[in-house]
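> structure of the sequence below:
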Amino acid sequence: MQPGLKASSRALCTDFLVTSQQPPSLIAFVDRASYQQFAKNKNLAKARIEGTELARDYMEQYQTSIEGLENIIQKTFYSVFKRDEKNPVRVATFDVFEALLNIDDGIPPPPPSTMNM
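Predicted coordinates:
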């Protein structure tokens, strides 16, 4: 990611990362792809982790671009966290939750009592 993207470029990136329906957004890919599907293909398994890291990096660098989308991001990655109990992508979701907390007026993470730990 380049620092200082123009507003139009950031809008396209935000759409690709969070809201796009066709093709599905990057976080939709991370959410919909189960670990079992990708356990046999290491490249695709790594893609889920890299997609999570890319979303986190984008959120940290362009906080204003995702304003209003924080709940969608939180719900999506919470779903990944709950479903992928023994998967490295679960660890990557903590960085996303941390990035959400660092955004102005950040939303709190899901209550610990709901985090099947």
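
> name the helix or strand of this protein that has the lowest mean pLDDT.
Sorting the helices and strands of the chain by mean pLDDT, DSSP states H and E puts helix 35-38 at the bottom, at a mean of 59.

> do you know how far L44 is from S65?
27 Å (CB to CB, to the nearest Å). In this view, the C-beta of every residue, glycine as well, is placed from N, C-alpha and C.

> more neighbours, those two?
S65 (20 against 13; other CB atoms under 10 Å).

> next, count neighbours for G68.
7.

> so is it in a helix, a strand, or just coil?
coil (DSSP: H, G, I helix; E, B strand; the rest coil).

> where in the protein is pLDDT low?
For the chain, the stretches flagged by pLDDT under 70 are 1-3, 34-40, 86, 104-117.

> where along it do the strands fall?
Assigned by DSSP state E, the chain shows no strands.

> in it, which spans are helices?
Applying DSSP state H to the chain gives helices spanning 7-14, 26-32, 35-38, 42-61, 70-83, 88-102.

> make JSON lines out of those and add distance to S20.
Below are the helices of the chain laid out as JSON lines (distance: least, CB to CB, whole Å):
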{"stretch": "helix 7-14", "distance to S20": "9"}
{"stretch": "helix 26-32", "distance to S20": "8"}
{"stretch": "helix 35-38", "distance to S20": "21"}
{"stretch": "helix 42-61", "distance to S20": "13"}
{"stretch": "helix 70-83", "distance to S20": "12"}
{"stretch": "helix 88-102", "distance to S20": "18"}
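
> highest mean neighbour count out of these?
helix 26-32 (a mean of 20; mean count of other CB atoms under 10 Å).

> packing partners of it?
Here helix 26-32 touches helix 42-61, helix 70-83, going by 3 or more CB pairs under 8 Å, 6 or more residues apart in numbering; DSSP states H and E.

> the closest residue to V89 other than its chain neighbours and C13: what is the separation?
Among residues not flanking V89 along the chain, R48 sits closest, at 4.7 Å (CB to CB, 6 or more residues apart in numbering). Per CB to CB, R48 is found 19 Å from C13.
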